[in-house]
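Q: predicted model and sequence below, questions to follow.
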Amino acid sequence: MPHINLPKEFPGIRSLFMFRPETAAPLNHLVQTLLHDPHPTLSAGERELIASYVSSLNECKYCATIHGAIAKHQLGNNVDIVAQVINDPCTASISNKLKALLKIAAKVQAGGKQVGEEDITNAREEGATDIEIHDTVLIAAAFCMYNRYVDGLATWQPDDDELYDKMGEQRAREGYLTPPFKIV
């Protein structure tokens, strides 16, 4: 049960965005820029994996599941890669560069000062650029905020994997600036 009176037909963060559209606009633009808009080197699917991974570390069911579903659709319907990353990015079938970036993301999730020079050096040795390192840190930091926003107000989080898949397909296709998926 949400802590405040939220629209019941929208799950997770979408209910918060409907409740407060004036704060939703900049938050949607941020996530659109971070995860969906073209990026010089990281695919939308890779960026969604970072968001889903950080959300899973934060135990935010809604964000981990929805961003995992979006990543799946961005990565050619590859549900296995999402599960591998959530389970253990070190053994996932992803590039060493993405593994190094996910290590940085996990450190940011634990606390920004946990990121050390050795983490950055390792990522660079695996081919990560400054913009990839920057954007990984920003995605991880932003998703700590989004996760706390969703869970701090106890939003409704469906248990229906098919629903997450439909919402994920829409977001993967349309991005974050289109109207939210409505549950009827």
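A: Perfect, I can see it now. Numbers count the residues shown, from 1 in each chain.
Q: so for this protein, the centremost residue is which one?
A: A51 (2.3 Å; Cα atoms, centre = their mean).
Q: what helix or strand is that one located in?
A: helix 44-57 (DSSP states H and E).
Q: average pLDDT for that helix, rounded please.
A: Mean pLDDT, helix 44-57: 98.
Q: for E169, phi and psi?
A: phi -60, psi -40 (degrees, to the nearest 10).
Q: the biggest helix by length in the chain: which residues count as buried?
A: Scanning the chain for the helix with the most residues, using DSSP state H, yields helix 130-152. Buried residues in helix 130-152, counted by 16 or more other Cβ atoms under 10 Å: 132-133, 135-137, 139-140, 142-144, 146-147, 149-151. All C-beta atoms are positioned from the backbone trio N, CA, C, and that covers glycine.
Q: ditto for stretch 89-103
A: Neighbour count says stretch 89-103 has P89, A92, I94, K97, L98, K99, A100, L101, L102, K103 buried, by 16+ other Cβ under 10 Å.
Q: so how far is P11 from the closest residue to the last one other than its chain neighbours?
A: The shortest distance from K103 to any residue that is not its chain neighbour, by Cβ to Cβ, 6 or more residues apart in numbering, is 6.1 Å, and that residue is D119. D119 sits 34 Å away from P11, going by Cβ to Cβ, to the nearest Å.
Q: more neighbours: these two, which one.
A: When D119 and P11 are compared for neighbours, P11 comes out ahead with 25 against 18, by other Cβ atoms under 10 Å.
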